[in-house]
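Enquirer: Give the three-dimensional model of this entry:
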Amino acid sequence: MFNSQVNASSQLSDNRPSSARNIGTLSGRKVFRGLVGVSDRVDFYSFKVTGRSSFNLALNRLQNNVDVFLLQGRRVLARSTKRGKLAEAINTNLESGTYTIQVSQRSGDSRYTLTLNAASLPAPNPRPKLVSLYRQASDPLPRYGFVDLSTGSISQLPLGNAFGQLTLLDIASSGSDTLAVDLLSGLYRVDVNTGNSTRIGDLGGFLSGIAFGSLGFGPSGTLYTIGTNRTTRQSGLYTVNVAAGGQVTLVANLPGIVDVGDIAYDATSGRFFATANSAAAGGSLLYSIGLIGDAQLVGNIGFDGVGALLFDNGILYGYDSVFALQQRQIIINTTTGVGTVDKLVTLNNQPFSDISGGA
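Expert: Alright, predicted model coming up:
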């Protein structure tokens, strides 16, 4: 028995996002029937979720080729574009917000059945996450540590051996490999058990005039970084060949994105999130960057100097300026970019402001 359905006749009133069929708050299962074809090539549906939710979409009973897209504003979050009359499906997790579904005709006329389901997800149990800690003048060596996301408290790793390493800007972990970058774009491998680090090479930033200060592992263990030209302020997305001593290869330029703080890979969307400081915007901006360098502005985080990002259980965490008296742990909405204070960062129950990068 269907919770909801619409007529299968063509309806031109729903062929723009602004006039999408308004489902309202999606909770549980709802089913809709429709028709797309030569005279009405696209149908839009709009819905809301009021909390972090699992989302499932099925598009079936097709007579010709039909594709389906999940959008947040103008940003495509997910898509299903199988050939012919094969059923389409999208399965992902969503944060609170408003979303749009686009059903698009590819060939001929086709009726379809669209089944949607959303279910609230339980509050995740945060795990300690590896971070790089900004080196202060009194520190004998750069430092690494773990942040307890449930409390905001820091536990430091042993200082270990970090010969030649300077101020740490970021750290990245693939699970089997942990790498860090310092102020002069030196690349290091880190042993998280001892705190020891081994120099791999130079990303080339100091000599080339390009500053590299962010690291993130993408799919298949590929390491990415963003470099900014010190003179032109032009940023670019690069891949890093760790086996070749940190050799970088430009993927694409990122026009208009400057002063990048950190990047964090979202396996659900297959894209990186990146922070960039903007004096004109009055705070840090959140960008979504694809693996080919296609970048979209998500929104203003609302905090200045957000220079560290990390993902845990589908939640994006950020940390504001290391020059603050006490850093704040911020939860960032990945659909709007807006940040909300979650915890104050502490070390031994004292204010702490040294998190420079997250893994």
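Enquirer: Correct me if wrong: residue 60 contacts residue 113.
Expert: Yes: judged on CB atoms under 8 Å, residue 60 makes contact with residue 113 at a distance of 5.6 Å. Heads up, the C-betas are built off the backbone N, CA and C, glycines and all.
Enquirer: ok, these two, which is more surrounded?
Expert: With neighbours defined as other CB atoms under 10 Å, residue 60 and residue 113 compare such that residue 113 has more, 17 against 14.
Enquirer: quick one, what contacts the more buried one?
Expert: With contact set as CB atoms under 8 Å, 6 or more residues apart in numbering, residue 113 has these partners: 31, 32, 33, 58, 59, 60, 61.
Enquirer: And residue 259, by the same measure?
Expert: Neighbours of residue 259 in contact, by CB under 8 Å, 6+ apart: 228, 276, 277, 278.
Enquirer: do the same with residue 36
Expert: 10, 42, 43, 66, 103, 104, 105, 109, 110, 112.
Enquirer: Out of the contacts of residue 113, list just those in strands.
Expert: For the contacts of residue 113, the ones inside strands are 31, 32, 33, 58, 59, 60, with DSSP state E as the criterion.
Enquirer: What strand or helix carries the closest residue to the fourth one other than its chain neighbours?
Expert: Beyond its immediate neighbours in the sequence, the residue positioned closest to residue 58 (CB to CB, 6 or more residues apart in numbering) is residue 115, lying 4.4 Å away. With elements delineated by DSSP states H and E, residue 115 resides in strand 110-120, which encompasses its position.
Enquirer: where does the stretch 251-359 of the chain have low pLDDT?
Expert: In the predicted model of the stretch 251-359 of the chain, residues 279, 281, 322-323 satisfy pLDDT under 70.
Enquirer: swap in the stretch 1-150 of the chain?
Expert: Within the stretch 1-150 of the chain, the stretches with pLDDT under 70 are 1-14, 123-127, 134-142.
Enquirer: give me the beta-bridge partners of the residue nearest the centre of the chain?
Expert: A centroid search over the chain (CA atoms, centre = their mean) returns residue 273, at 3.4 Å, as the residue closest to the centre. Note on residue 273: beta-bridge partners by DSSP bridges are residue 264, residue 288.
Enquirer: for it, what are its contacts?
Expert: Taking CB under 8 Å, 6+ apart, we find residue 273 in contact with 263, 264, 266, 286, 287, 288, 289, 298, 309, 316, 332, 334.
Enquirer: biggest separation within those residues, which pair?
Expert: Pairwise distances across those (CB to CB) peak at 14.9 Å, for the pair 289 and 332.
Enquirer: So which residues of the stretch 201-350 of the chain form strands?
Expert: 210-217, 223-229, 235-241, 247-254, 260-266, 271-278, 283-289, 295-300, 308-312, 315-319, 328-332, 339-344, 346-347, 350-351 (DSSP state E, counting those that start in this stretch).
Enquirer: between the ones you listed, which gets nearest to residue 47?
Expert: Comparing these by CB to CB, strand 295-300 comes nearest, at 19.8 Å.
Enquirer: could you give the angle of the closest one to strand 235-241?
Expert: Orientation note: strand 295-300 sits at an angle of 110 degrees relative to strand 235-241 (axes from the mean of the first three to the mean of the last three CA atoms, to 10 degrees).
Enquirer: Now which of the ones in strands among the contacts of residue 113 would you call buried?
Expert: Buried by 16 or more other CB atoms under 10 Å: 31, 32, 33, 58, 59, out of the ones in strands among the contacts of residue 113.
Enquirer: Residue 189: which of those residues is nearest?
Expert: Closest approach to residue 189 among those (CB to CB): residue 58, at 44.5 Å.
Enquirer: right, and that closest one touches residue 101 too?
Expert: No: contact between residue 58 and residue 101 fails when scored by CB under 8 Å: they sit 11.6 Å apart.
Enquirer: hey, what's in contact with both of those two?
Expert: By CB under 8 Å, 6+ apart, the residues touching both residue 58 and residue 101 are residue 114.
Enquirer: Report the separation between the residue nearest to residue 204 when sequence neighbours are not counted and residue 308.
Expert: Spatial nearest neighbour of residue 204, excluding adjacent residues (CB to CB, 6+ apart): residue 248 at 6.0 Å. Distance, residue 248 to residue 308, by CB to CB, to the nearest Å: 21 Å.
Enquirer: what about those two, which has more around it?
Expert: More crowded of residue 248 and residue 308, by other CB under 10 Å: residue 308, with 33 against 24.
Enquirer: Show me the beta-bridge partners of the more buried one.
Expert: Residue 308 has the following beta-bridge partners by DSSP bridges: residue 319.
Enquirer: Correct me if wrong: it contacts residue 263.
Expert: No: checked against CB under 8 Å, the pair residue 308 and residue 263 is beyond contact range at 10.5 Å.
Enquirer: returning to that earlier point: residue 109 versus the residue nearest to residue 204, what's the distance?
Expert: Residue 248 is 50 Å from residue 109, by CB to CB.
Enquirer: still on that earlier bit, which of the contacts of residue 113 lies closest to residue 354?
Expert: When the contacts of residue 113 are compared for distance to residue 354 (CB to CB), residue 58 comes out closest, at 47.5 Å.
Enquirer: still on that earlier bit, okay, the strand holding residue 115 in CSV with CA atoms only?
Expert: C-alpha atoms of strand 110-120 as CSV (Å, rounded to 0.1, in the frame of the first residue of the first chain):
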residue,chain,number,x,y,z
SER,A,110,8.4,6.5,-19.9
ARG,A,111,6.2,6.1,-16.9
TYR,A,112,8.0,5.6,-13.6
THR,A,113,7.5,4.6,-10.0
LEU,A,114,9.6,6.7,-7.5
THR,A,115,10.0,5.2,-4.0
LEU,A,116,11.6,7.4,-1.3
ASN,A,117,12.5,6.4,2.2
ALA,A,118,14.2,8.4,5.0
ALA,A,119,14.9,7.2,8.5
SER,A,120,16.6,9.0,11.4
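Enquirer: Fine by me, thanks again.
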